[in-house]
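>>> generate a structure from the sequence data that follows.
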Amino acid sequence: MVAVPIISRTKKMSKSRTLSINRQQLILHYLMLCQQYEYSVRQEGCYEFQEVIIKSSNNKTFSLFSGFRLIWTTGEGSKKSKLPSGSGLIANTKDTWKVNADHTCTKAIVEKLVEDLSSHTLETLRTTTAELRLLTKLNAKNRRVISDCGAISLLVNLLNSTDAQVQENAVTALVNLSIDNNCKIIIAQANAIEALIHVLQTGSPEAKENSAATLGSLSVCEDNQVKIGRSGAIGPLVDLLRDGTPRGKKDAATALFNLSLLSENKAKIVEAGSIKHLVKLMDPAAGMVEKAVVVLANVASIDEGRIEIVREGGIPLLVDAVELGSARAKEYAAAALLWLCAISSRFCIMAIREGAVPPLVALSQSGTTRAKEKARALLGCFSRNKLV
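Here you go, the predicted structure:
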């Protein structure tokens with residue numbers, strides 16, 4: 001609980017009082033008022049000036065929000081209140097009032113939350129990580145402030161928490177922070193990769209999803225592709241691809257795709273047993289054709305990948321994707337087939353028997369630029385082998 005001094009002033013009275021409220025309620029109230037939301041007040045009453053005060057760790061006092069709040073009166077004589085000069089926090093938009101975020105106040109709240117991340121009290125950690133999770137979700141400015149206040153390294157430490165709620169909140173806050181490119185660097189520098197692998201192996205289903213999503217976000221950077229590939233993350237990602245929730249499988253596939261852009265990771269992805277699961281996910285009923293085929297296309301560039309794709313029955317599903325997939329799925333399916341057929345006339349024959357020629361002809365005329373190139377190259381490959 002936090003004691004929040006409230007100064008209430010109306011036409012008839014002016015006095016201070018202290019109200020104890022749940023800190024989660026304060027944060028949610030702040031977010032509703034200060035994150036660019038509009039609200040209308042349509043109640044009977046009078047003009048009321050209200051100011052909510054919070055204190056930062058260094059005892060500096062900041063105003064959470066202030067200004068005259070418009071309280072509607074009924075019948076004759078309804079009026080609108082005037083803003084106090086220099087307030088700047090509340091802007092009149094006719095019947096609606098817009099509250100703009102105050103950077104100083106946001107920083108003060110975040111500083112207190114970051115301080116509480118070092119608490120030894122479980123309930124404090126649960127509440128604090130939940131609040132940071134919510135703040136990181138809302139906008140880029142919050143993410144920058146939270147990063148600047150040093151929250152990332154503390155959140156990374158909490159990935160090793162034995163409490164499922166704390167761990168889940170911490171990893172979700174990190175995946176939200178990883179949207180910011182600067183935060184990606186800080187998260188990686190905080191040795192988060194090993195801790196994220198720990199969450200992949202031990203966390204709740206949602207924690208595993210968000211751990212995979214964080215690794216996927218970090219692996220956009222080539223340096224992180226190297227670090228993640230060498231850290232042992234590929235095996236747990238493949239495990240999630242096999243056993244995870246639908247969302248977890250998608251997050252794992254996204255991370256594996258990014259990692260497969262680096263040559264040294266391709267063999268590791270194949271050796272971890274991913275091909276069998278990726279081929280299964282090519283079934284349209286799984287809703288993951290595009291997610292799966294882009295990884296298959298990348299690993300089809302190495303011998304081990306090609307062998308496993310054919311062994312697991314991937315050619316018929318790749319032909320189906322060329323015919324029925326999204327534009328991106330068609331493009332990558334054609335690329336995967338080209339890798340297969342360019343090195344083996346036997347694979348060419350298998351593709352033709354599955355009915356590859358008609359959809360490839362259509363793709364060569366109406367696909368994306370890259371898809372047209374791959375389709376024409378495949379048809380040329382069939383022709384050179386005197387198969388069409």
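>>> against which helices or strands is the host helix or strand of Asp320 packed?
Using DSSP states H and E, Asp320 falls within helix 314-324. Helix 314-324 sits against helix 274-280, helix 289-299, helix 327-341, helix 345-353, helix 357-366, with contacts defined as 3 or more C-beta pairs under 8 Å, 6 or more residues apart in numbering; DSSP states H and E. In short, each C-beta sits where N, CA and C put it, glycine included.
>>> check which residues of it are buried.
314-323 (16 or more other C-beta atoms under 10 Å).
>>> that helix: how far from the chain's middle?
Centroid separation between helix 314-324 and its chain, computed with C-alpha atoms, centre = their mean, to the nearest Å, is 30 Å.
>>> got it, and stretch 224-240?
18 Å.
>>> start and end of it, how far apart?
Stretch 224-240 has its terminal residues 20 Å apart, counting by C-alpha to C-alpha, to the nearest Å.
>>> mean confidence score for that stretch?
Stretch 224-240 comes out with an average pLDDT of 97.
>>> returning to that earlier point: and the helix holding Asp320 with helix 289-299, angle?
Counting by axes from the mean of the first three to the mean of the last three C-alpha atoms, to 10 degrees, helix 314-324 lies at 130 degrees to helix 289-299.
>>> now helix 314-324 against helix 327-341, angle please.
Going by the same axes, to 10 degrees, helix 314-324 makes 140 degrees with helix 327-341.
>>> contacts for helix 314-324?
Helix 314-324 has contacts (C-beta atoms under 8 Å, 6 or more residues apart in numbering) with 275, 279, 282-284, 289, 293, 296, 309, 329-330, 332-334, 336-337, 340, 347, 350-351, 354-356, 358-360, 362-363, 375.
>>> equivalent analysis for stretch 195-208, please.
By C-beta under 8 Å, 6+ apart, stretch 195-208 touches 156-157, 159-160, 164, 167-168, 171-172, 174, 210-212, 214-215, 231-233, 236-237, 239-240, 244-245, 248.
>>> OK, contacts around Ile186?
Going by C-beta under 8 Å, 6+ apart, Ile186 touches 147, 152.
>>> per-residue pLDDT, it?
96.
>>> quick one: mean pLDDT over stretch 198-215.
Here the average pLDDT along stretch 198-215 is 97.
>>> now, of the contacts of stretch 195-208, which are buried?
Looks like the contacts of stretch 195-208 have 156-157, 159, 167-168, 171-172, 174, 210-212, 214-215, 233, 236-237, 239-240, 244, 248 buried, using 16+ other C-beta under 10 Å.
>>> buried ones in the host helix or strand of Thr127?
For Thr127, the enclosing helix or strand under DSSP H and E is helix 122-138. Buried residues in helix 122-138, counted by 16+ other C-beta under 10 Å: 125-137.
>>> relative to Glu194, which of the residues you listed is nearest.
Nearest to Glu194 among the buried residues of helix 122-138, counting by C-beta to C-beta, is Thr129 at 19.5 Å.
>>> contacting residues for that closest one?
117, 155, 158, 165-166, 169-170, 173 are the contacts of Thr129 under C-beta under 8 Å, 6+ apart.
>>> helices - which of those residues land there?
155, 165-166, 169-170, 173 (DSSP state H).
>>> how is this structure divided into domains?
Using automatic domain parsing, the domain parsing of the chain gives 2-101, 103-272, 273-388.
>>> for the last one, what is the distance to the chain centroid?
Put simply, domain 273-388 sits 30 Å off its chain's centre (C-alpha atoms, centre = their mean).
>>> now it: average pLDDT?
95.
>>> what's near enough to touch the nearest residue to Ala207 once chain neighbours are set aside?
Computed as C-beta to C-beta, 6 or more residues apart in numbering, the closest residue to Ala207 that is not its neighbour in sequence is Glu168, at 4.3 Å. Glu168 sits next to 203-204, 206-207, 210 when contact means C-beta under 8 Å, 6+ apart.
>>> repeat that with 6 Å
Counting by C-beta atoms under 6 Å, 6 or more residues apart in numbering, Glu168 makes contact with 204, 206-207.
>>> for Ala334, same thing?
With C-beta under 6 Å, 6+ apart, Ala334 has these contacts: 322, 371, 374-375.
>>> kindly reformat the residues you listed as TSV containing distance to Thr106 and secondary structure.
As requested, the contacts of Ala334 are exported to TSV (distance: C-beta to C-beta, whole Å; DSSP: H, G, I helix; E, B strand; the rest coil):
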residue	distance to Thr106	secondary structure
Val322	50	helix
Ala371	46	helix
Lys374	49	helix
Ala375	52	helix
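>>> thank you, goodbye.
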